[in-house]
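Student: fold the following, please.
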Amino acid sequence: MSRPQQVIRQLAKVYNVNRATCSVRPYTLTSTGADSFWDNTTLKTSASSRHAALLNDLPLLRESHSLAPTSPSLHESIYDELEGKGPLMPSESQYCIRLGNGVEPPVVLLDGSEPSLFSAHLQVLDNEGEDIDNITVCEYSKKRVQRYHVQDKSGCVYNRGSVLNYTFRVSQDTGNLMCCLSLCHGDGTFLARSYLALDQMSSLDHISLPLMNETDTIIGLINCSIIEIRGLEQPIQAASPPTSGYTTPLEIGHRGCGVTQTDRELFSELPCLPENTLSSMEMAYRHGAHMVETDVAVTQDLKAVLYHDLQIELAGNRKVPISHVTSHVLESVPSEGLIVNGQQKRQQLLLDQDEDMRLEELEGKSKPYPYLSHALQTLPPDLGIMLEVKANLPEEGVEGVLYHGDKNVYLDVILQDLFQHVGNRNIILCSFCADTCTMLRNKQGRWPVVLISQGSTDTYPDYLDPRLACLQTSINMAIAENLQGVSMFSGLLQHDPAAVVSGVKESGLQTFVWGFHCCNQEFRDTMRNNQIDGIIYDRIYEEKTLPKRKIA
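Tutor: From the prediction side, this is the model:
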């Protein structure tokens, strides 16, 4: 099958395209009284005369314009228009339309070609035919970054391997929106355009749309993703720095005192308490941890719990996604107790290390799946939390089960717990999911957001999303999205840590490191000497340079 035939078949599957005539059946907006967005033969609008006139006047970028890159220096402050936005208000929504993911080309023509250089301009109309005029756009890749700026009439240049991200904000009662994306060749001549209707839809990780030329004949396919970010119903609060009260580097206990389940084969010795439990986090605090890193997910009945894996094992060795399990079921799971992974020396080790520790106390706080709200109310208030928001990336194998169909609901449950119970505790939000980081950054302005980057390594399979599989792309994405920093896999810092850390810090980002190399004292000392901002490691009770503390 030729490439054009493959494209036609994909169009037929998604848009009911008749393969013989390439005509498309009617696509109607869902709002009351909305007209057909295009008719069944030529994809021309059949809306009211006002809509028709506006759609026909959509900018086609016919005039010549410069395609020279205009990216600012990496350490330059963010554009004023982004600084002035702040987090979303409760009545606002922000749409992000992203072209390109580094894996699939954003544009595929029926002749099999893939334009390597083009410019793209987005126009958005509301139900009244009025322009949405607050559209901003950024571009980033491994080699370059252009921060968010107001879109001009010539659009934004796409370079092969880049990500183009358009954003705009509207009131949540705006209703349906009609979008037209116009593309031009490198010389400024018109290439194609595509239409999209947004009807307060949930986020789509991937959508393919037909591309049409000047006569509205389908000539190819455009691949994009759409995120809707809804404002959180909480008072907007000013940001607070994550390192207040501490000197860097932050000493951060990984899952409390360390890994006892997933990835345990990477560690030569396992910690003495179950991961992501209150007992493990309190032990890290007693031994000098400034913060603990822990994972959060949401149950079927919308309770935020601390747990690493996307699935849990129930009776009969049944593995069930945690989003399919109620909190009542999790509460019935017994405590893991003090014997974890067969380490019989645990009891004496703990008692030797902390005279105030009692076995009964440890047993009660070693229960798995603690609620985030309970942890925030129970843990010492001067113990910071680096909260990793779990994401069901395709590589995890349980795609589509974590977000309950709406990522906004999922994230709002977590953020509501934080706003209600955090007090003055230092919080850092982080995730392996780049889109989750973008959403967290726009939903609130109180806590910094950090992108976790694995980069390309022999230890783990590469992520499909190049924003995670390439450290430099992760850095440029964090710059473009105005994140606080990046958290890097330790394997990326083995050979020339000074150059890597200084390069990230020169970009204006904070630097964190995670991974099994951090369990090595010499590696940690090297990180400290290179002025990294935070080290996330297991068995923090073995670090002799940290002062012990008692819990009041």
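Student: list of residues touching stretch 532-539?
Tutor: Residues outside stretch 532-539 that contact it (Cβ atoms under 8 Å, 6 or more residues apart in numbering) are 243, 248-255, 257-259, 267, 269, 271-272, 291, 293, 386, 485, 487, 497, 501, 510-514, 516, 518-519, 524, 527-528, 543. For every residue, glycine as well, the C-beta is placed using N, CA and C.
Student: narrow these to those that are buried.
Tutor: With neighbours counted by 16 or more other Cβ atoms under 10 Å, these contain buried members at 243, 248-255, 257-259, 267, 271-272, 291, 293, 386, 485, 487, 497, 501, 510-514, 516, 518-519, 524, 527, 543.
Student: the contacts of stretch 532-539 in helices, which ones?
Tutor: Here DSSP state H is the test, and those give P497, V501, R524, M527, R528 as lying in helices.
Student: and these, which two are the farthest apart?
Tutor: Between all members of these, the longest pairwise span (Cβ to Cβ) is found for V501 and R524 and amounts to 13.3 Å.
Student: where does the stretch 51-200 of the chain have low pLDDT?
Tutor: Per-residue confidence of the stretch 51-200 of the chain (counting by pLDDT under 70) places the weak regions at 51-85, 101-103, 199-200.
Student: what ranges do the helices span in it?
Tutor: When assigned using DSSP state H, counting those that start in this stretch, the helices of the stretch 51-200 of the chain occupy the ranges 80-83.
Student: all strands for it, in order.
Tutor: For the stretch 51-200 of the chain, the strands identified by DSSP state E, counting those that start in this stretch occupy 92-99, 107-109, 117-125, 136-140, 145-150, 156-159, 163-171, 177-185, 190-198, in order along the chain.
Student: tell me the mean pLDDT over the lengthiest helix in the chain?
Tutor: Using DSSP H, we find that the single longest helix of the chain is helix 407-421. Predicted confidence along helix 407-421 averages 93 (mean pLDDT).
Student: what helices or strands is that helix leaning on?
Tutor: Helix 407-421 is packed against strand 218-230, strand 291-298, strand 304-306, helix 372-378, strand 384-389, helix 434-443, with contacts defined by 3 or more Cβ pairs under 8 Å, 6 or more residues apart in numbering; DSSP states H and E.
Student: what's the average pLDDT for whichever helix or strand comes after that helix?
Tutor: Helices and strands here follow DSSP states H and E; after helix 407-421, the next one along the chain is strand 427-431. Mean pLDDT, computed over strand 427-431, is 96.
Student: within the sheet, what are the partner strands of strand 427-431, with directions?
Tutor: When sheet partners are counted by DSSP bridges, strand 427-431 sits next to strand 384-389 (parallel), strand 449-453 (parallel).
Student: from the middle of its chain, how far away would it be?
Tutor: Centroid separation between strand 427-431 and its chain, computed with Cα atoms, centre = their mean, to the nearest Å, is 11 Å.
Student: that one vs helix 407-421, what angle?
Tutor: 160 degrees (axes from the mean of the first three to the mean of the last three Cα atoms, to 10 degrees).
Student: from here on, count from 504
Tutor: All set: I'll call the first residue 504, so the last point we hit is now strand 930-934.
Student: can you show me the CA trace of strand 930-934 as PDB?
Tutor: Listed in PDB are the C-alpha atoms of strand 930-934, where the atom choice follows Å, rounded to 0.1, in the frame of the first residue of the first chain:
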ATOM      1  CA  ILE A 930       5.800  21.800  48.000                       C
ATOM      2  CA  ILE A 931       7.400  21.000  44.600                       C
ATOM      3  CA  LEU A 932       5.100  19.500  42.000                       C
ATOM      4  CA  CYS A 933       6.700  17.300  39.300                       C
ATOM      5  CA  SER A 934       5.800  14.700  36.700                       C
END
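Student: roughly how far apart are V666 and A937?
Tutor: Counting by Cβ to Cβ, to the nearest Å, the gap between V666 and A937 amounts to 9 Å.
Student: out of these two, which sits in the busier spot?
Tutor: Of the pair V666 and A937, A937 is the one with more neighbours under other Cβ atoms under 10 Å, namely 27 against 24.
Student: which residues does that one contact?
Tutor: A937 makes contact with L954, D968, R970, L971, S977, M980, E984 under the criterion Cβ under 8 Å, 6+ apart.
Student: relative to C1022, how far out is it?
Tutor: Counting by Cβ to Cβ, the separation of A937 from C1022 is 27 Å.
Student: then Y966?
Tutor: When Cβ to Cβ is applied, the distance between Y966 and C1022 equals 23 Å.
Student: same question, V627
Tutor: Distance, V627 to C1022, by Cβ to Cβ: 50 Å.
Student: what does V1016 give?
Tutor: Here the criterion is Cβ to Cβ. By it, V1016 lies 12 Å from C1022.
Student: hey, what's in contact with both of V666 and A937?
Tutor: Once Cβ under 8 Å, 6+ apart is applied, the residues that V666 and A937 both contact turn out to be R970, M980.
Student: show me the contacts for R672.
Tutor: Shown here is R672, whose contacts under the criterion Cβ under 8 Å, 6+ apart are K588, L591, E595, S596, Q597, Y598, N637.
Student: of those, just the buried ones, PyMOL syntax please.
Tutor: Those of the contacts of R672 that count as buried under 16+ other Cβ under 10 Å are selected in PyMOL with:
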select buried, resi 588+591+595+596+597+598
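Student: quick check, nearest of the contacts of R672 to S728?
Tutor: Each of these was checked against S728 using Cβ to Cβ; the closest is Y598, at 11.2 Å.
Student: just grab the bridge partners of that closest one for me.
Tutor: The residues paired with Y598 through beta bridges, assigned by DSSP bridges, are F671, E731.
Student: ok, it - contacts?
Tutor: Residues touching Y598, when contacts are defined by Cβ under 8 Å, 6+ apart, comprise T670, F671, R672, V673, L680, L701, I729, I730, E731, I732.
Student: buried only: go through those residues for me.
Tutor: Buried members of the contacts of Y598, counted by 16+ other Cβ under 10 Å: T670, F671, R672, V673, L680, L701, I729, I730, E731, I732.
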